[in-house]
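# dropping a prediction and its sequence here:
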Amino acid sequence: MKTLVTGSPAEAAELIKKGGIVAFPTETVYGLGANVFDADAVAKIFAAKLRPADNPLIAHVANLAQIAELTVEIPQIAQKLIDQFFPGPLTVVLKRSDAVPPIATAGLDTIGVRMPRHTLAREFLAACGTPVVAPSANISGRPSPTTWQAVIEDLDGRIDCILQGEATEIGLESTVVDCSAQPPVLLRQGSVSIEELRRAAPEMAVYQGSHGDAVRSPGLKHKHYSPRAEIRLVDPWAAISGSDLENTAYIGLTLRESEFAKVRICSSAEEYSHELFEFFRECDRLKIAAIYCERIAETGIGAALMDRLRRAAER
Ligand code: TXA
Ligand code: MG
């Protein structure tokens, strides 16, 4: 398959309407989209990404009316989160309508819904005229793509089209909150923080399931965000020495004076989040053996960043 690279949201949307799969930018990471109501097109996403069939997809909507096409009810608390955080980097899990083919939600009776705020994504979704399911546009298990070039790296020749945009603004995937039962549960940390969520919904719980627990959010049990290099988490002022640093890299907030092959010092947790996945990919291109990642405080987006780092460090 030849993968078309285009800057035109209308051209990319035409391919969605024809049953194709199209990568597109959002404010979090690039997604790989298909018409949610076209089961054959949705199946192509799983094939292209080598995604396990038990991992449900998030439906992306252009407007609030499309949420009603996908769901049977919107509980009060979900409505509050939608009012406050849509459009933006928040996914709300709701009971799904029968119109949604089971393959899109891995057989679950719920569906994750999100309305991106990214301008090009919104133009694309509006032109599609249908909700678009989209996981991150990477080969399963790899770091999510934050540039269109990273999408090419993983999926060139495997998808119909890439809608070309800038590097994504946030760099980590959306916050996921399950609102299908009471109390709502934070399933995946993202740039909408638990502090912000609790201001809107004080009863918000945090998912405590282990990796083996498939029930609440199947995606959480799968391996994620991993470069080929080994990930080593380090405290800000811990010494890194002894071993051969020649083929290792470092990313964090604190300046280091060691001889790493590649170093990225970020000025904030936001910048660290923005840079992380592309840094992982760059280290893989350079065949770096190990990447030291500085631990940071788990407030605001720091909680999401630490979640991704811990998962990447799991072997
Ligand atoms: O920022 C994002 O969310 C990006 C962009 C493209 O929107 N998408 C993304 O999708 O990260 P994906 O498929 O890589 O991650 C979706 C996560 C998975 O952990 C999945 O298990 C969970 O959301 N999820 C999706 N639908 C769910 C549902 N019905 N119930 C529980 N968890 C769900
Ligand atoms: Mg993903």
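Everything's here; your move. Ligands and ions are numbered 1, 2, ... in the order given.
# pull out the buried positions in the longest helix seen in the chain.
Looking across the chain with DSSP state H, the single longest helix is helix 269-285. Using 16 or more other CB atoms under 10 Å as the test for burial, helix 269-285 gives 269-270, 272-284. Using the backbone N, CA and C atoms, a C-beta is placed for each residue, glycine as well.
# now the angle between helix 269-285 and the first helix or strand past that helix going along the chain, please.
Sequence order places strand 290-294 as the next helix or strand after helix 269-285, per DSSP states H and E. For strand 290-294 against helix 269-285, the angle by axes from the mean of the first three to the mean of the last three CA atoms, to 10 degrees is 180 degrees.
# strand 290-294 pairs with which strands, parallel or anti?
Each strand paired with strand 290-294, and its direction, by DSSP bridges: strand 230-234 (parallel), strand 248-252 (parallel).
# highest mean neighbour count out of those?
Greatest average neighbour count among the strands paired with strand 290-294 goes to strand 248-252 (a mean of 22), per mean count of other CB atoms under 10 Å.
# quick one: it to chain centroid distance?
Strand 248-252 has its C-alpha centroid displaced from the chain centroid by 22 Å (CA atoms, centre = their mean, to the nearest Å).
# check stretch 263-273 too.
Counting by CA atoms, centre = their mean, stretch 263-273 comes out at 19 Å from the chain centroid.
# anything in that stretch near ligand 1?
No: shown here: stretch 263-273 not in contact with ligand 1 (CB under 6 Å from any ligand atom), separated by at least 12.2 Å.
# beta-bridge partners for the residue of the stretch 1-150 of the chain at minimum distance from ligand 2, please?
Closest approach between the stretch 1-150 of the chain and ligand 2, counting by CB to the ion: Ser136, at 3.4 Å. On the basis of DSSP bridges, Ser136 is bridged to Gly31.
# quick one on the thing from earlier: what's the closest of the strands paired with strand 290-294 to Val113?
Nearest to Val113 among the strands paired with strand 290-294 is strand 230-234 (31.6 Å), distances taken as CB to CB.
# rounded mean pLDDT for the closest one, please.
Mean pLDDT, strand 230-234: 95.
# which of the buried residues of helix 269-285 sits closest to ligand 1?
Phe277 (11.3 Å; CB to the nearest ligand atom).
# for the nearest residue to the closest one once chain neighbours are set aside, which three-state class applies?
Distances taken as CB to CB, 6 or more residues apart in numbering put Pro143 closest to Phe277, at 3.9 Å, once the chain neighbours are dropped. Classification of Pro143 using DSSP: H, G, I helix; E, B strand; the rest coil returns coil.
# can you check Gly20 too?
coil.
# do the same with Asp40
Of the three states, Asp40 takes helix under three-state DSSP.
# can you pull out the helices in the protein?
9-17, 39-49, 65-70, 76-85, 119-128, 148-155, 194-200, 269-285, 301-313.
# care to break the protein down by domain?
For the chain, automatic domain parsing gives the domain ranges 4-206, 230-313.
# picking up where we left off before, let's have the helices of the chain in JSON lines, adding mean pLDDT.
Listed next are the helices of the chain as JSON lines, based on pLDDT from 0 to 100:
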{"stretch": "helix 9-17", "mean pLDDT": "98"}
{"stretch": "helix 39-49", "mean pLDDT": "98"}
{"stretch": "helix 65-70", "mean pLDDT": "97"}
{"stretch": "helix 76-85", "mean pLDDT": "98"}
{"stretch": "helix 119-128", "mean pLDDT": "98"}
{"stretch": "helix 148-155", "mean pLDDT": "98"}
{"stretch": "helix 194-200", "mean pLDDT": "96"}
{"stretch": "helix 269-285", "mean pLDDT": "98"}
{"stretch": "helix 301-313", "mean pLDDT": "96"}
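# any chance of those helices in a markdown table, with distance to Thr105 too?
Below are those laid out as a markdown table (distance: least, CB to CB, whole Å):
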| stretch | distance to Thr105 |
| --- | --- |
| helix 9-17 | 19 |
| helix 39-49 | 10 |
| helix 65-70 | 10 |
| helix 76-85 | 16 |
| helix 119-128 | 19 |
| helix 148-155 | 22 |
| helix 194-200 | 23 |
| helix 269-285 | 25 |
| helix 301-313 | 22 |
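# that's all I had, so thanks and see you.
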